[in-house]
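>>> need a structure here:
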Amino acid sequence: MNLKPFLLSLFAVALPSCATAQAARSSLPPLELRVDAIDVRSINTGTLQGGVGANVPLGIYVRLELVGAAGVTRVDSVNHNSARVDAIARFLLDPFNEATWGLSLGGGMSAMFEASAVTREYLVVIADLEAPRIGAVTPALQIGLGGGVRIGLVIRASRAGRR
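Numbering: from 1, shown residues only. Below is the predicted model of the structure:
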């Protein structure tokens, strides 16, 4: 699969959403920091990456999560530099932050880049559980499938009265 159509469609969706969201709030979308473990089956294989992302509101119940991450991928006990780009839409079950814990479900696409391999694209499905807010941030645990089992620890900038 060619990466150019994926990136073009990602920008086509994200840019109008960013412009609409910024016009409504005159601020940037909430940012997030994250650490992800992907397809870790043993100490000889798996991916560990740190990343930065943005959560672009696409309405009351949907957030478009755009993530860029980099780290290391281990295959047969050999480490390789790796990076990935994710575009995941999450449906929030509690968008107004009325419950202590917030659950969202989503899906999208991921592209994984390795120094010694061809770019691989994956469909991704996730479940995201946000913990109670701590100051100006909200911690979350994200689990899913996409290139293997994914587990992510996330810290998102909080918005008053919203997830």
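>>> so where do the helices sit in this protein?
All helices of the chain, identified by DSSP state H, fall at 3-25.
>>> low-scoring stretches of it, by residue?
1-26 (pLDDT under 70).
>>> and if we set it to 80?
By pLDDT under 80, the low-scoring segments of the chain are 1-27, 116-118, 159-163.
>>> is the residue found closest to residue 79 once you drop the neighbours it is linked to in the chain in a bridge, and if so with what?
For residue 79, the nearest residue in space outside its immediate sequence neighbours is residue 72; the separation is 5.1 Å by C-beta to C-beta, 6 or more residues apart in numbering. In this view, the C-beta of every residue, glycine as well, is placed from N, C-alpha and C. Per DSSP bridges, the residues bridged to residue 72 are residue 48, residue 81.
>>> wait, doesn't residue 72 sit right on residue 45?
No: applying C-beta atoms under 8 Å as the test, residue 72 and residue 45 come out as separate, 11.7 Å apart.
>>> so what sits against both of those two?
With C-beta atoms under 8 Å, 6 or more residues apart in numbering applied, the contact sets of residue 72 and residue 45 do not overlap.
>>> so what's residue 44 up against?
Taking C-beta under 8 Å, 6+ apart, we find residue 44 in contact with 74, 76-77.
>>> Tell me the one among the residues you listed nearest to residue 159.
Nearest to residue 159, judged by C-beta to C-beta, of the contacts of residue 44 is residue 74 at 36.9 Å.
>>> I'd like to know how far the closest one sits from residue 142.
21 Å (C-beta to C-beta, to the nearest Å).
>>> if we can go back for a sec, report the contact partners of the residue nearest to residue 79.
47-49, 79-82.
>>> From those, list the buried ones, please.
47-49, 82 (16 or more other C-beta atoms under 10 Å).
>>> could you redo those residues as JSON lines and give each row distance to residue 37?
Converted to JSON lines, those look like this (distance: C-beta to C-beta, whole Å):
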{"residue": "47", "distance to residue 37": "7"}
{"residue": "48", "distance to residue 37": "6"}
{"residue": "49", "distance to residue 37": "8"}
{"residue": "82", "distance to residue 37": "12"}
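>>> No further questions, thank you.
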